[in-house]
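Chemist: model this:
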Amino acid sequence: MRLPSRMLPAALVAAGLSGFASAETLTAVPGQPLQALLDRARDGDVVELAPGDYNGSIRIDRPLALTGRPGAVLDGGGSGNVVTVTAPDVTVRGVTIRGSGRDLQAMNSGVFLQKTAERATIENNRLVGNLFGVYVHGATGSRVANNLIEGLRGHRLSEAGNGVSLWNAPEVTIADNTFRYGRDGIFTISSRKDRFVGNRFEQVRFAVHYMYTNDSEVSGNVSIGNHVGYAIMYSNRLIIRDNISDRDRDHGLLFNYANYAEIDGNRVTGGLLDTVSAGSEEGPDDERGMIPDTKREQSLRSGPEKCVFIYNTNHNRFRNNWFERCAIGVHFTAGSEGNEITGNAFVGNRNQVKYVGTRNLDWSKGGRGNYWSDNPAFDLDGDGIADTAYRPNDLVDRVLWTAPSAKVLINSPAVQVLRWAQAQFPALYPGGVIDSHPLIAPPPRPSGKEGGR
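Modeler: Numbers count the residues shown, from 1 in each chain. Next comes the predicted model:
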């Protein structure tokens, strides 16, 4: 019998409720063939793992939930994927997943989400000792949250996988995970409209690595002691907000051909000045805030070489960020144009700015610039803006960049006279960065958010 059109919505709702009500919980026990139980389950069922070890290399090809009681372990035995998901609307929760294969080309993973595994949820798991923790291979709308993901240890980076890898997977959320070991924490390529929020990264190469991923968000993450905090490459229209990079080795933030982004409220800190001041019997640094060369190598071990590196990066807005105690506050090069850099704090960096270029750039807008900790200016009218412009670089800096061996002359009378002459006659300054309205006091220091578990 054909239902009248006005009765179709009610019939559909009744059918949905009926399907939900018929869902069952199937309990697996160690020694039972887990794949056979999964194959027997129906759409919407819950397959629950009792405590104990189970053989991995399982495949989930229908919408269901795979959950584990405390102590439930899926072990792949060092071959292939531990869990492969091909159906939409699958949940994997509360399981320890370990022992994937080691084949990089085959993308062996703890959990592998194929393109058809849309809206998958991978949450509250421990993924340890896998080549890739979770590989989202085109699974739109998936969510990876509240997991502990530890990659391979004792391997070369070229032989390790990432904590989470995304390929062509729009509208994916990766939130509140803890990442350790392996290559990159999160690596994304050829995707869009993704959100990486509230994660914590330790002992990886790049905490977050973006390639060709647009219209996405990276916010509230914490990167501690990695090679690079946030590497943003060949991506447009991103929001990079309220992240922390703490003592990452090479760069806190790295931008390479990243355009039209909002970079707001991030904090990059190193240990540069802490290392020098502790137990040092040397006198105060010179008027440019430079650390004695005898301490430089030791200091750089505890902080980034560069707080932020900007290369061929255009039309971005850097606002309210805090860059502190790096060898170089910001390295700006390769024709980057149209960037707004205002309201930021550059605090205690060995060199505040390294600018490679010939154009004059004014890092202020609307009468407001940035705070520079080594700027000795005054504010006689009390408006919060220094009475004179700030120039972070001079002719001596340019000589040192092109001929590093010239640093032996840094304290010579001739160099001091040259710097004095530049201060008296500003026309002697080379083209480069100028802050025409520097702040007399720093903006609030971003506190960030402690991510992960």
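
Chemist: Show me the helices in the stretch 1-150 of the chain, by range?
Modeler: 8-21, 34-40 (DSSP state H, counting those that start in this stretch).

Chemist: Now tell me which of those helices the model trusts least on average.
Modeler: Mean pLDDT per stretch puts helix 8-21 lowest among those, at a mean of 44.

Chemist: and the gap between the nearest residue to residue 308 once chain neighbours are set aside and residue 214?
Modeler: Of all residues not flanking residue 308 in the chain, residue 253 sits nearest, at 4.3 Å (Cβ to Cβ, 6 or more residues apart in numbering). All C-beta atoms are positioned from the backbone trio N, CA, C, and that covers glycine. To residue 214, residue 253 is 18 Å away according to Cβ to Cβ, to the nearest Å.

Chemist: And these two? Which one has more around it.
Modeler: Between residue 253 and residue 214, residue 253 has the larger neighbour count (other Cβ atoms under 10 Å), namely 28 against 18.

Chemist: and that one, that's in a helix?
Modeler: No - counting by DSSP: H, G, I helix; E, B strand; the rest coil, residue 253 falls outside a helix, being strand.

Chemist: what's the longest strand along the chain in contact with?
Modeler: When the chain is scanned for its longest strand (criterion: DSSP state E), the result is strand 206-214. Contact partners of strand 206-214, identified using Cβ atoms under 8 Å, 6 or more residues apart in numbering, comprise 162, 166, 179, 183-192, 194, 196, 199, 201, 216, 218, 221, 223, 226-238, 245, 248, 258.

Chemist: Tell me the buried residues within those.
Modeler: 162, 166, 179, 183-189, 191-192, 194, 196, 199, 201, 216, 218, 221, 223, 226-236, 238, 245, 248, 258 (16 or more other Cβ atoms under 10 Å).

Chemist: Among those residues, name the ones in helices.
Modeler: With DSSP state H as the criterion, helices contain none of the buried ones among the contacts of strand 206-214.

Chemist: Select from those every entry located in strands.
Modeler: Filtering the buried ones among the contacts of strand 206-214 for strands - DSSP E - leaves 166, 179, 186-189, 191-192, 196, 201, 218, 223, 228-233, 245.

Chemist: For the chain, which element, helix or strand, carries the lowest mean pLDDT?
Modeler: helix 293-300 (a mean of 39; mean pLDDT, DSSP states H and E).

Chemist: Test my guess that residue 216 contacts residue 194.
Modeler: Yes - using Cβ atoms under 8 Å, residue 216 makes contact with residue 194 at a distance of 4.4 Å.

Chemist: where do the contact lists of these two overlap?
Modeler: Residues touching both residue 216 and residue 194 by Cβ under 8 Å, 6+ apart: residue 188.

Chemist: Who is residue 26 paired with across the strands?
Modeler: residue 47 (DSSP bridges).

Chemist: give me every residue that touches it.
Modeler: 37, 40, 41, 45, 46, 47, 48.

Chemist: Among those, name the buried ones.
Modeler: Buried members of these, counted by 16+ other Cβ under 10 Å: 37, 41, 45, 46, 47, 48.

Chemist: between the residues you listed, which is nearest residue 365?
Modeler: residue 46 (55.6 Å; Cβ to Cβ).

Chemist: Verify the stated contact: that closest one with residue 63.
Modeler: No - using Cβ under 8 Å, residue 46 makes no contact with residue 63, being 11.2 Å away.
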